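> Need a 3D model of the sequence below.
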Amino acid sequence: MKSIRLGLTFNDVLLVPKRTPLHSRSEADVRSRFTKNIILNVPLVSANMATVTEHKMAIAMAREGGLGVIHQFGTIAEQVDEIKKVKRSTSFIIENPLSIEVHATMGEAVKLMTASGVTSLLVMDKEELVGIFTHRDYLFEEQLDRKITEVMTPREKLVVAEYGIALEDAKKILHTHRIEKLPLLENGKVKGLMTTQDIKKLECWPNATRDAKGRLRVGAAVGVKDTLERARACIEAGADVIILDIAHAHSEFAMQRIRELKTAFTIDVMAGNIATAQAAEDLIAAGADGLKIGIGPSPVCTTRIISGAGVPQLTAIMDVVEVARKYDIPVCADGGMKYPGDVAKAIAAGASSIFSGALFAGTEEAPGLVIMKDGKRYKKYMGSASYDSNHERRESSEGKQVKERLDVFVEGVAILVDYKGAVQEVIRGVVKGLQSGMSYCGASTILEMQEKVEFMQITSAGWEESGSRGAKLSE
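Modelled structure (predicted):
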């Protein structure tokens, strides 16, 4: 029998403080890579869990410089709709802007605008632009059965510009004419739309994670069942990266899916979850552009208890990174982080980014209702392999209440987590903790932190000493 290795997690170590060149922790640069070609201004990614990431979370994460991954626990159409909402939320240019036929009524237009979350529609007669209909055109209107042509701004009164116009030139046109919408034409045909609201959003979130067209980046998760069909639909909707999400990704099945994805599409594929060096070797050989690490560290995952399998998260990160660095493949630490200091330790150990449900669950942007219990506010947080998650997915797919107990294998639980308010504050708090950790390591960049880091293993007494003592004032 081989000797038994020691496995360490975040509570088992501390970062050894070193001389720092930084005057303030805010000087630390937290830019990093998620995959080969996806750069994040903030190395935080919200997990593809039904109670964590849909479009509201993905938008908030990307605006702060991170990334949200839309979960796959619904129909393909539902996932596509969530991705489209993220991509339409802000951009330099809205390509293929929403339009409506010239014969439509105001009621039909308002219904389409409400469902799509937009404030204007281009009015088209086949391929010809004949006007624009905005929210101002139906404000206080009671007769929604009127034709849209009766209230729209007609083509002869529209200000338009050529597709490809520079952002600064577009801003001048919008300002000079005091308009909010600028249709973009190419050879007389509508090619895009620029709006004052989108330009304002660009300036409000200068650190946002954007694609080449100025749209917020978003990830899409797929499993092993309808992998190619779901991935194709998500990519066509605008997904920037595909996450092949499997509980145990070190499998022949997973590697075959990676090869299929890389053959079919020109998009980065992150694969996980894994926890060993050999898994890293095999998934990279299959074509993975990023690796997701974590077998059982999540507070809503019971894999280690049910199966007895797993690797403590800090050791798992170090083992996988040792291989991934040889191939210049970024790795993402998924789960096990309760505090900002855990994020700093995960990054210092070699992770380029962190992937979390627990950190972002319970926020305003997380799906689900706020629950009142004993005078406190909570939100539900479900493990993807929990019974509750399986049950809700069954009810959603069948469109009816399912009363009988399902025969499913469970490796997760559902819990209540404190309501945390806006995720923006959570993100900024975690980033400050990471920057502080970088400062203590004497590093101004993440790569420098990983080069300079020195871990010290501590005892349980050392961990107890690290925590707060005494009762909280609020209690």
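> How is residue 100 assigned, secondary-structure-wise?
strand (DSSP: H, G, I helix; E, B strand; the rest coil).
> And for it, the neighbour number?
18 (other CB atoms under 10 Å). Bear in mind the C-beta positions are built from the backbone N, C-alpha and C, glycine included.
> Equivalent analysis for residue 248, please.
By the criterion of other CB under 10 Å, residue 248 has 16 neighbours.
> Unless I'm misreading it, it sits right up against residue 294, doesn't it?
No - between residue 248 and residue 294 there is no contact under CB atoms under 8 Å: 11.3 Å.
> which residues do those two both contact?
In terms of CB atoms under 8 Å, 6 or more residues apart in numbering, residue 248 and residue 294 are both contacted by the residues residue 273.
> Just give the number of residues close to the nearest residue to residue 436 once chain neighbours are set aside.
Once flanking residues are discounted, residue 436 sits nearest to residue 25: 4.8 Å by CB to CB, 6 or more residues apart in numbering. For residue 25, the count of nearby residues is 17 (other CB under 10 Å).
> show me the contacts for residue 25.
When contacts are counted by CB under 8 Å, 6+ apart, residue 25 touches 432, 435-436, 438-439.
> Residue 70 now?
48, 53-55, 58, 79, 82-83, 86, 218-221, 234, 239.
> Pick the one among those closest to residue 159.
residue 86 (28.7 Å; CB to CB).
> mind checking the backbone torsions on the spatially closest residue to the closest one that is not a sequence neighbour?
Among residues not flanking residue 86 along the chain, residue 218 sits closest, at 4.2 Å (CB to CB, 6+ apart). Main-chain torsions, residue 218, degrees, to the nearest 10: phi -150, psi 140.
> Just confirm residue 367 contacts residue 49, I think it does.
No - Residue 367 is beyond contact range of residue 49, at 9.1 Å (criterion: CB under 8 Å).
> Can you report phi and psi for the residue most central in space within the chain?
By CA atoms, centre = their mean, the chain has its centre lying nearest to residue 68, at 0.5 Å. Main-chain dihedrals, residue 68, degrees, to the nearest 10: phi -110, psi 140.
> And residue 438, by the same measure?
According to degrees, to the nearest 10, residue 438 has phi -60, psi -40.
> Which residue comes closest to it once chain neighbours are left out?
residue 28 (4.1 Å).
> Please determine how far that neighbour is located from residue 46.
Residue 28 sits 22 Å away from residue 46, going by CB to CB, to the nearest Å.
> Contacts only, for residue 42.
Contacts for residue 42 (CB under 8 Å, 6+ apart) come out as 30-31, 64-66, 207, 209, 427, 431.
> Kindly give a single ChimeraX line that selects the buried subset of those residues.
Buried residues among these (16 or more other CB atoms under 10 Å), as a ChimeraX selection:
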select :30,64,65,66,209,427,431
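> Mind checking which of the contacts of residue 42 are in helices?
Using DSSP state H, the members of those that fall within helices are 427, 431.
> Turn the contacts of residue 42 into JSON lines, columns for pLDDT and distance to residue 121.
Formatted as JSON lines, those follow (pLDDT from 0 to 100; distance: CB to CB, whole Å):
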{"residue": "30", "pLDDT": "98", "distance to residue 121": "40"}
{"residue": "31", "pLDDT": "98", "distance to residue 121": "38"}
{"residue": "64", "pLDDT": "97", "distance to residue 121": "30"}
{"residue": "65", "pLDDT": "98", "distance to residue 121": "32"}
{"residue": "66", "pLDDT": "98", "distance to residue 121": "32"}
{"residue": "207", "pLDDT": "95", "distance to residue 121": "31"}
{"residue": "209", "pLDDT": "97", "distance to residue 121": "28"}
{"residue": "427", "pLDDT": "98", "distance to residue 121": "33"}
{"residue": "431", "pLDDT": "98", "distance to residue 121": "38"}
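> any idea which of the contacts of residue 42 is the one closest to residue 348?
residue 30 (12.4 Å).
> I'd say that closest one and residue 444 touch.
No - with contact defined as CB under 8 Å, residue 30 does not count as touching residue 444 (10.3 Å).
> circling back to that earlier point, so for residue 28 and residue 46, which residue has more residues nearby?
residue 46 (31 against 23).
> Could you pull up the contacting residues of that one?
Counting by CB under 8 Å, 6+ apart, residue 46 makes contact with 52-53, 57-58, 61, 66-69, 355-357, 360, 423.
> Tell me the spacing between it and residue 58.
Look at residue 46 and residue 58: by CB to CB, they are 7 Å apart.
> hmm, back to that, in strands, which of the contacts of residue 46 appear?
Per DSSP state E, strands hold the following members of these: 67-69, 355-356.
> Just the closest of those residues to residue 127, please.
residue 68 (34.9 Å).
> What's opposite the closest one in the beta bridge?
Beta bridges link residue 68 to residue 46 when assigned by DSSP bridges.
> what's near enough to touch it?
Contacts of residue 68 by CB under 8 Å, 6+ apart are 45-46, 53, 57-62, 86, 218-219.
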